[in-house]
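> take a look and give me a structure for this.
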Amino acid sequence: MGKQTKFIFVTGGVLSGVGKGITAASLGAVIQASGKTVSIQKCDPYLNVDAGLLNPREHGECFVTRDGAETDLDLGHYERFLDLELTKKSATLAGRLLRDLIANERAGKFGGQTVQLVPHLTNAIQQSIAVAAGDSDVHIVEIGGTVGDYEGLSFVEAIREFSQKVGRNNCCYIHVVYVPFLGTSKEFKSKPAQNALNDLRGFGIVPDAVVVRTDEKAPVAIARKIALFGGIPEHAVQMMPNVDSVFSIPEIIAGNGLMTILDNLMDEKLTPDLTNWQHLRVLQKKKHPKTIKIGLVAKYMDNEDTYISVTEALKTAAWHQAVNLEICWIDAEDVTDDDLSTVDGIVVPGGFGGRGVEGKIAAADYAYRHKIPYLGLCLGLQVAVIASARRAGLEKANSTEFAPESKQPVVYIMKGQKGQESTGGTLRLGDYPAILAKNSKTSRVYDADKIVERHRHRYEVNQAYRDEIMAGGLSISGTSPDGKLVEFIEAADHPYYLATQAHPEFRSRPMRPHPLFSGLIEACKN
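As a prediction, the model looks like this:
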């Protein structure tokens, strides 16, 4: 017999957004640091097929895997903590499973059976978990939402049944709950957490451990009460107040009772080597004489998670460049020269739709004219190209995304995509290679002539306007291998003016900053 994969299921109670994803990623980091191979998966009960059309204001960033899956932002946490390149197997949404079930039923693959949530949907969930686990030592599964949500009941039942198939000793259930602090009575209230544990037990799952999230440090009595009413040992209750950095959580987990739970699951004593994480924390905490201000010209201002991979990439680059970082949020709909004049560097991130685009074009133009270091990401490249064409005299230069009837479409719809702009699944997604121009600043920053980056876009630079774009001060410094698609642009007479059609933020890691972000911070520093 081959080795038996161990499974950790992370569920949540009380409310969503309390840190299940960070908990799952941190558990994986500790196990990985113990010499074990780890795989990880997010199961979302939403009836969406993927995260591509979810509102970023509500759900935050849409993260893209190397094989082009549009996923929940938690997969970004997983990749940053575990330094893995995940695939579509790590993102399971109820909508896709239900779509496939109905397609199979219509194709007669169920032989006339009555297709039901149990066992057909639950079996599909379990199959997705088994496939995502592969041959890893430990597979971690985060169940989105909170236990008790109507749409999530099939997922809870699926993971309950899963332990019967692989053995209860091969499964570990960790429930993340929230304990609020009432300012009026000056006390923590554990009743919502107790009720959340009762809900989980009511569905047939007794958790092996409970992670208790609080805004401030809670008294030990709270842990004792939750252990008592949850029917678990006190050492299996991990109090987790807010911390100054999520990257400290692996160390917190490694130093408390959760390690006993993990040891029992693995049937051996784990000894994680967290030297890299400790070094990262030293970098994070260190204060430096110089502070760099980066202006993030954004359109989704009411949810910073929309740009979480960008902000994490900037922070990582600053830590490794030994400077303090201040991110200045600039509303693309209301940007002024005064806003831009106060920052040391400008980043224009990706986005869809015309709202705020003229502000982003103005920011790209301001950075060029005033020699302010600039990094454009996806849409950030397109607005830089539009700004350059306008400087060269094409006053009406635009993208057909924002001006469909433009007579000077320097950015236009990809071939084969026209007429499908409102649909999902029609974008250029995932990893694509690029050839960098030799001796270009871009190739020097990467220290390579051939690179691979992740994409999520539909529109491309129109090379019919190449001469005009270059006349405005830009050069094309990277293309697709066949030369048809513009992947990178740069400005020669400028301290740092680079933009990419890709999303390099998805490949930044806390221990390994991405070169484009490092280059930006270094240019600002110097």
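> against which helices or strands is the helix or strand that contains E358 packed?
Here E358 is covered by helix 357-369, with elements defined by DSSP states H and E. Contact here means 3 or more CB pairs under 8 Å, 6 or more residues apart in numbering; DSSP states H and E; on that basis helix 357-369 packs against strand 291-298, helix 337-341, strand 345-348, strand 374-377, helix 379-391, strand 497-500. The way it works is simple: take the backbone N, C-alpha and C, and place the C-beta from them, glycine included.
> same thing but 10 Å
Judged by 3 or more CB pairs under 10 Å, 6 or more residues apart in numbering; DSSP states H and E, helix 357-369 is in contact with strand 291-298, strand 324-331, helix 337-341, strand 345-348, strand 374-377, helix 379-391, strand 398-399, strand 497-500.
> name the residues that touch the helix or strand that comes right after the shortest one?
Pointing back at strand 398-399 there. Per DSSP H and E, strand 398-399 leads on to strand 409-413 as the next helix or strand towards the C-terminus. Residues outside strand 409-413 that contact it (CB atoms under 10 Å, 6 or more residues apart in numbering): 379, 381-383, 385-390, 392, 394, 396-404, 406, 418-421, 457-466, 468-469, 472, 486.
> could you list the alpha-carbon positions for the next helix or strand after strand 409-413 in CSV?
The helix or strand immediately downstream of strand 409-413 is strand 428-436, counting by DSSP H and E. Taking Å, rounded to 0.1, in the frame of the first residue of the first chain, the C-alpha atoms of strand 428-436 are listed here in CSV:
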residue,chain,number,x,y,z
ARG,A,428,-6.2,35.4,-21.4
LEU,A,429,-5.6,33.7,-18.1
GLY,A,430,-2.7,32.1,-16.3
ASP,A,431,1.0,31.7,-17.2
TYR,A,432,2.3,33.0,-20.5
PRO,A,433,5.9,33.3,-21.6
ALA,A,434,7.5,36.6,-22.8
ILE,A,435,10.8,37.4,-24.6
LEU,A,436,12.5,40.5,-23.2
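> just checking: what are the partner strands of strand 428-436?
strand 450-457 (antiparallel), strand 474-479 (antiparallel) (DSSP bridges).
> related to what we said a few turns ago, average pLDDT for the helix holding E358?
For helix 357-369, the mean pLDDT works out to 98.
> now that helix: buried residues?
357-368 (16 or more other CB atoms under 10 Å).
> hang on, the earlier thing: ChimeraX command for the buried members of the contacts of strand 409-413?
Selection of the buried residues among the contacts of strand 409-413 in ChimeraX, burial being defined by 16+ other CB under 10 Å:
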select :379,381,382,383,385,386,387,388,389,390,392,394,397,398,399,400,401,402,403,406,457,458,459,460,461,462,465,468,469,472,486
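> low-confidence ranges in the stretch 51-200 of the chain?
Residues of the stretch 51-200 of the chain meeting the criterion pLDDT under 70: none.
> one more time with 90, if that's ok
When residues are selected by pLDDT under 90, those of the stretch 51-200 of the chain lie in 51-60, 183.
> just to revisit the earlier point, got TSV for the helices and strands packed on helix 357-369, with distance to Y307 and mean pLDDT too?
As requested, these are exported to TSV (distance: least, CB to CB, whole Å; pLDDT from 0 to 100):
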stretch	distance to Y307	mean pLDDT
strand 291-298	6	97
strand 324-331	9	97
helix 337-341	17	96
strand 345-348	9	98
strand 374-377	9	98
helix 379-391	12	98
strand 398-399	21	96
strand 497-500	16	98
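> who wins for proximity to Q126 among these?
With CB to CB as the criterion, Q126 lies closest to strand 374-377 of the helices and strands packed on helix 357-369, at 38.0 Å.
> mind giving me the packing neighbours of the closest one?
Using 3+ CB pairs under 10 Å, 6+ apart: strand 374-377 touches strand 291-298, helix 308-320, strand 345-348, helix 357-369, helix 379-391, strand 486-491, strand 497-500, helix 515-525.
> need the ones you listed in a markdown table with distance to M240, can you?
Shown next, in a markdown table, are the helices and strands packed on strand 374-377 (distance: least, CB to CB, whole Å):
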| stretch | distance to M240 |
| --- | --- |
| strand 291-298 | 29 |
| helix 308-320 | 20 |
| strand 345-348 | 32 |
| helix 357-369 | 38 |
| helix 379-391 | 36 |
| strand 486-491 | 42 |
| strand 497-500 | 37 |
| helix 515-525 | 29 |
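> ok, which of those comes nearest A51?
Distance to A51, taken as CB to CB, is lowest for helix 308-320 among those, at 13.5 Å.
> the inter-axis angle of the closest one versus helix 379-391?
For helix 308-320 against helix 379-391, the angle by axes from the mean of the first three to the mean of the last three CA atoms, to 10 degrees is 90 degrees.
> tell me if I'm right that I232 and V211 touch.
No: the criterion here is CB atoms under 10 Å, and I232 misses it with V211 at 11.7 Å.
> re earlier: dump the helices and strands packed on helix 357-369 to CSV, plus distance to I102.
Output for the helices and strands packed on helix 357-369, formatted as CSV (distance: least, CB to CB, whole Å):
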stretch, distance to I102
strand 291-298, 38
strand 324-331, 43
helix 337-341, 50
strand 345-348, 41
strand 374-377, 37
helix 379-391, 36
strand 398-399, 37
strand 497-500, 39
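> how about the ones you listed, which one is nearest E105?
With CB to CB as the criterion, E105 lies closest to helix 379-391 of the helices and strands packed on helix 357-369, at 40.6 Å.
> picking that back up, ok and the helix holding E358 relative to strand 324-331, angle-wise?
With the same axes, to 10 degrees as the basis, helix 357-369 and strand 324-331 are set at 140 degrees to each other.
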